[in-house]
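Trainee: Pasting the sequence and the predicted model now:
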Amino acid sequence: MPRNYNVDGFFRDLPKKATTAQDKTDAAVRLIRDDDAEKRAELTATLRAARMERDADESAAAEAPRGKKPRR
């Protein structure tokens with residue numbers, strides 16, 4: 001076995017591909033974008049739930065709509 005393979009146990013990690021600066025940047029952007037998408041989805045869900053709760057409360061206690069106001 002070549003010297004550059006460090007085998008700790010029965011299984012060994014495969015050697016990784018050489019990464020360029022662009023690959024590292026792309027991976028970082030992907031990570032940030034995925035995290036932001038998760039946060040955005042959570043916020044959207046909480047806002048939607050709050051909006052539905054608010055609309056349910058308003059529709060139960062809402063008055064009959066008034067006629068149009070006269071124009072000046």
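Mentor: Structure's in. What do you need? None of these values were measured; they are calculated from a predicted model.
Trainee: C-alpha only now, for contacts and for neighbours.
Mentor: OK.
Trainee: Strands of this protein, residue ranges please.
Mentor: Along the chain, counting by DSSP state E, no stretch forms strands.
Trainee: what about it, any weak spots by pLDDT?
Mentor: Along the chain, the parts satisfying pLDDT under 70 run over 1-16, 18, 59-65.
Trainee: what's near enough to touch D23?
Mentor: The contact partners of D23, taken as C-alpha atoms under 8 Å, 6 or more residues apart in numbering, number zero.
Trainee: separation between it and K69?
Mentor: In this view, D23 and K69 are 62 Å apart by C-alpha to C-alpha, to the nearest Å.
Trainee: can you check R51 too?
Mentor: Distance from R51 to K69, counting by C-alpha to C-alpha: 28 Å.
Trainee: More neighbours: which of those two?
Mentor: Neighbour comparison, R51 and K69: the larger count goes to R51, with 12 against 6 (by other C-alpha atoms under 10 Å).
Trainee: Show me the helices in the chain, by range?
Mentor: Chain-ordered helices for the chain, with DSSP state H as the definition, fall at 21-61.
Trainee: burial count for A28?
Mentor: Neighbour count for A28, taken as other C-alpha under 10 Å: 12.
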